[in-house]
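1. Just need the structure, nothing else, for what follows:
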Amino acid sequence: MFKFNVSLIYLIIILLQPAYALITVIAGDKQVTKIGTDSEDVVFKVIDEQGNPNTEETVKFQLTNPFGNTVVLKGLTAYRAEPDDNGEVKTRLQSPEVTGNYIVIAKLETDANQVANAVVIVSSLDSEKPTDIVDKPIVDTESPIKLSLVSGNQQIVKAGFDSEDIAFEVVDEQGNPVTGEPVDFQLQDSTGNVTTQQNLTVYEFQSDDKGQVKTRLQNTGDIGNYIVVAKLRKYIVQSANANVVVTAGLVDIFKLVTGNNQTIATGETSANISFQLIDVFNNNIPEEVVTFQVIAPDGSMIDNGITTASSDINGIVITRLEPVSIKGNYTIKATAGDKTVQATIQVVMAIPILPSLGFGTTFDAQAEFIDSNDIFYGGIAVNDGDFSQETILNAGDYIVVKGFIHVAEKNIGNKADIILVASYELLSGEELFFMVGNGQNIQLWNGDLSTLIAYETVTSLEKTHLVSIYEGKLNDIGIWKVYFGYRLEDGTIVFNGNQSINCAVEE
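-> Residues are numbered from 1 along each chain as shown. Next comes the predicted model:
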């Protein structure tokens with residue numbers, strides 16, 4: 001009876017490829033381990049062209065979990081190893097938390113085409129052992145024909161699609177094709193269940209004139225690792241296996257999860273804005289590339305740093321709005337394939353820490369006092385110092401003057417003119433009033449409310465409004481008082497009449 005010579009097989013393989021090293025799995029393949037428990041060692045061996053142990057190569061490991069996702073950071077006790085004196089490297093599946101089939105992949109660091117795989121089956125029961133589908137294919141030296149896998153192994157298929165053909169070959173002892181030989185197929189799904197009636201396009205077949213039989217994994221929405229097993233009907237110990245990994249399908253749902261309708265200040269980074277991708281079978285879609293666009297308040301596209309990102313194992317992809325200097329509503333548009341989702345971020349003017357000026361003073365159109373619920377804040381910062389409501393400074397000092405209005409609820413959303421008035425008391429005791437228009441247009445003011453010019457016009461008052469009053473040097477010696485507020489379309493004026501922003505300028 002013909003006997004296989006392992007060294008001869010290795011030599012033939014080496015001669016058929018240019019690589020100077022070969023990696024194979026020698027132990028731990030198709031072992032069964034209990035959930036939460038480390039597997040036994042999965043052992044691979046690296047040999048050189050003469051079949052001798054190769055101790056110079058570095059081997060890198062990867063892990064594919066039962067959901068079809070590749071794990072490269074956790075799950076194995078080792079992800080990189082140097083061969084020992086026997087050319088062997090080892091790793092283990094570490095405390096798996098999900099039942100199903102795991103694939104341990106070993107690759108040579110210098111030649112990624114040199115790959116060997118091992119399947120570890122995680123069970124929820126101590127004594128559970130799947131049917132002979134998980135047994136290592138046995139070569140029956142007494143049978144006159146042999147069965148082997150030809151093509152279709154280690155396919156990656158999206159949920160909802162058929163795999164490519166998985167082909168097996170039946171040959172006689174001389175290697176010649178055997179025609180008309182019955183072959184039965186079985187399928188172990190991602191949960192370890194064995195089926196003989198569904199999910200494969202063919203469950204029995206007679207070998208063709210090339211000695212081949214073929215089947216396919218059929219349209220399924222259950223992601224994970226599948227094992228397709230072919231067995232000779234007459235010689236059931238003759239079997240061969242193929243692995244097919246089903247990953248999440250095409251994007252069906254693309255939704256905004258968190259981060260919409262944030263309000264941030266200019267110069268701040270938004271909180272994370274997250275989106276999720278889900279296929280038609282309700283599987284989360286990992287490693288899907290999403291592109292982002294940022295639309296400014298004026299409708300123009302801006303470069304905001306983050307343009308693309310890939311979804312994680314939960315189908316989540318995250319972006320954020322980087323700091324901007326212009327206030328308004330920004331739109332974050334996310335696109336995956338032909339689906340687009342967007343989020344809105346409101347950017348308001350950054351608010352410095354300002355002293356309280358108390359409640360505002362309100363005049364109606366007839367210049368009569370009425371109650372006000374507006375709250376005012378404001379101050380002067382000298383030479384980059386803190387803001388103060390009252391201060392003494394030297395002529396030529398650099399100052400920043402800012403005011404802030406917490407607008408009364410009833411006035412939010414109304415159109416308004418922002419007004420700005422300053423009084424200047426000379427050393428002689430004379431007091432002058434100035435009103436400031438758009439672009440720092442400064443004019444003397446006679447005190448008539450009806451003649452006040454607008455510092456700026458706001459089409460819709462927001463809950464808070466920051467007024468940048470002045471920035472620069474102040475050289476006029478004397479006492480300055482600053483008043484600011486807003487005027488509604490009906491003539492109502494609200495301003496900081498209870499407490500002004502004050503400064504004395506000295507030589």
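
2. Could you pull up the contacting residues of the residue nearest to residue 78 when sequence neighbours are not counted?
-> In space, and not counting its chain neighbours, residue 78 is closest to residue 91: 4.3 Å by CB to CB, 6 or more residues apart in numbering. No exception for glycine: its C-beta is placed from N, CA and C like everyone else's. When contacts are counted by CB atoms under 8 Å, 6 or more residues apart in numbering, residue 91 touches 41, 42, 61, 76, 77, 78, 79, 81, 104, 106.

3. wait, which of those residues is closest to residue 166?
-> Lowest distance from residue 166 to the contacts of residue 91 (CB to CB) belongs to residue 104, with 21.0 Å.

4. Would you check how far apart residue 365 and residue 459 are?
-> Spatial separation of residue 365 from residue 459 under the definition CB to CB, to the nearest Å is 21 Å.

5. out of these two, which sits in the more crowded spot?
-> For residue 365 and residue 459, the more surrounded residue by other CB atoms under 10 Å is residue 365, and the numbers stand at 13 against 8.

6. Confirm that one sits in a helix?
-> No: the secondary structure assignment for residue 365 gives coil rather than a helix, going by DSSP: H, G, I helix; E, B strand; the rest coil.

7. What's the per-residue pLDDT of it here?
-> In this prediction, residue 365 carries a pLDDT score of 84.

8. residue ranges with poor pLDDT in the stretch 101-250 of the chain?
-> Residue ranges of the stretch 101-250 of the chain with pLDDT under 70: 124-142, 236-237.

9. what ranges do the strands span in it?
-> Along the stretch 101-250 of the chain, counting by DSSP state E, counting those that start in this stretch, strands occupy 115-123, 145-151, 155-158, 166-172, 182-188, 194-195, 204-206, 212-215, 224-232, 239-247.

10. Put together JSON lines for these, with mean neighbour count and distance to residue 492 on each row.
-> Compiled in JSON lines, the strands of the stretch 101-250 of the chain are given as follows (neighbours: other CB atoms under 10 Å; distance: least, CB to CB, whole Å):
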{"stretch": "strand 115-123", "mean neighbour count": "20", "distance to residue 492": "73"}
{"stretch": "strand 145-151", "mean neighbour count": "19", "distance to residue 492": "82"}
{"stretch": "strand 155-158", "mean neighbour count": "17", "distance to residue 492": "64"}
{"stretch": "strand 166-172", "mean neighbour count": "22", "distance to residue 492": "80"}
{"stretch": "strand 182-188", "mean neighbour count": "21", "distance to residue 492": "78"}
{"stretch": "strand 194-195", "mean neighbour count": "14", "distance to residue 492": "78"}
{"stretch": "strand 204-206", "mean neighbour count": "14", "distance to residue 492": "88"}
{"stretch": "strand 212-215", "mean neighbour count": "22", "distance to residue 492": "81"}
{"stretch": "strand 224-232", "mean neighbour count": "24", "distance to residue 492": "68"}
{"stretch": "strand 239-247", "mean neighbour count": "23", "distance to residue 492": "64"}
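
11. so which of the ones you listed gets nearest residue 340?
-> Taking CB to CB, strand 155-158 is the member of those nearest to residue 340, at 21.4 Å.

12. same for the closest one, what does it pack against?
-> Counting contacts by 3 or more CB pairs under 8 Å, 6 or more residues apart in numbering; DSSP states H and E, strand 155-158 packs against strand 239-247.

13. Partner strands of the strand it packs on and their direction?
-> strand 155-158 (parallel), strand 224-232 (antiparallel) (DSSP bridges).

14. can I get the CA coordinates of the longest one in PDB?
-> Backbone C-alpha positions of strand 224-232 (Å, rounded to 0.1, in the frame of the first residue of the first chain) are rendered in PDB as follows:
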ATOM      1  CA  GLY A 224     -19.300  33.900  12.100                       C
ATOM      2  CA  ASN A 225     -17.000  31.000  11.200                       C
ATOM      3  CA  TYR A 226     -18.500  28.100   9.200                       C
ATOM      4  CA  ILE A 227     -16.900  24.700   8.500                       C
ATOM      5  CA  VAL A 228     -17.900  22.800   5.400                       C
ATOM      6  CA  VAL A 229     -17.100  19.100   5.600                       C
ATOM      7  CA  ALA A 230     -17.000  16.600   2.600                       C
ATOM      8  CA  LYS A 231     -17.100  12.900   3.300                       C
ATOM      9  CA  LEU A 232     -16.900   9.900   1.000                       C
END
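
15. Next, the angle from that strand to strand 145-151.
-> Relative orientation of strand 224-232 versus strand 145-151 (axes from the mean of the first three to the mean of the last three CA atoms, to 10 degrees): 150 degrees.

16. what angle do strand 224-232 and strand 115-123 make?
-> Relative orientation of strand 224-232 and strand 115-123, computed by the same axes, to 10 degrees: 100 degrees.

17. So residue 467: helix, strand or coil?
-> The three-state label given to residue 467 by three-state DSSP is strand.

18. Could you tell me how far it is located from residue 25?
-> 73 Å.

19. same check, this time on residue 173
-> Going from residue 173 to residue 25 by CB to CB gives 26 Å.

20. Looking at those two, which is more packed in?
-> residue 25 (17 against 12).

21. Which helix or strand contains that one?
-> Under the criterion DSSP states H and E, the helix or strand holding residue 25 is strand 22-27.

22. Name every strand pairing with the helix or strand following that strand and say which way it goes.
-> Moving toward the C-terminus from strand 22-27, the next helix or strand (DSSP H and E) is strand 31-34. Using DSSP bridges, the strands paired with strand 31-34 in its sheet are strand 115-123 (parallel).

23. so the strand it pairs with versus strand 182-188, what angle?
-> 70 degrees.

24. Need the contact partners of strand 115-123.
-> Residues contacting strand 115-123 (CB under 8 Å, 6+ apart): 23-25, 28-35, 39, 42, 44, 66, 93, 96, 98-107, 129-130, 134, 154, 192, 225, 227, 243.

25. what number of residues lie near the nearest residue to residue 342 once chain neighbours are set aside?
-> With CB to CB, 6+ apart as the criterion, residue 342 has its nearest non-adjacent residue at 4.6 Å, and that residue is residue 333. Here the neighbour count serves as a burial measure; for residue 333 (other CB under 10 Å) it reads 14.

26. SS state for the most centrally placed residue in the chain?
-> Note on the chain: the residue nearest the mean C-alpha position is residue 317, at 2.7 Å, using CA atoms, centre = their mean. Residue 317 falls in the strand class when you classify it by three-state DSSP.

27. how far away is it from residue 181?
-> 50 Å.

28. Next: residue 161.
-> If you measure residue 161 against residue 181 using CB to CB, the figure is 30 Å.

29. And the two? Which one has more around it.
-> Neighbour totals were compared for residue 161 and residue 181, and residue 181 leads with 22 against 14 (other CB under 10 Å).

30. which residue ranges form the helices in the stretch 401-507 of the chain?
-> Chain-ordered helices for the stretch 401-507 of the chain, with DSSP state H, counting those that start in this stretch as the definition, do not occur.

31. do you know how far the residue located most distally from the centre of the chain is from residue 110?
-> Here the chain has its C-alpha centre computed as a mean, and the residue farthest from that point, by CA atoms, centre = their mean, is residue 428 with 67.6 Å. The spacing between residue 428 and residue 110, counted by CB to CB, is 90 Å.

32. mean confidence for stretch 436-446?
-> Looking at stretch 436-446 alone, the average pLDDT works out to 89.

33. Now residue 257. Nearest residue, chain neighbours left out?
-> Computed as CB to CB, 6+ apart, the closest residue to residue 257 that is not its neighbour in sequence is residue 274, at 4.5 Å.

34. Could you dump the strands paired with strand 239-247 into JSON lines with distance to residue 288 added?
-> Conversion of the strands paired with strand 239-247 to JSON lines gives the following (distance: least, CB to CB, whole Å):
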{"stretch": "strand 155-158", "distance to residue 288": "11"}
{"stretch": "strand 224-232", "distance to residue 288": "18"}
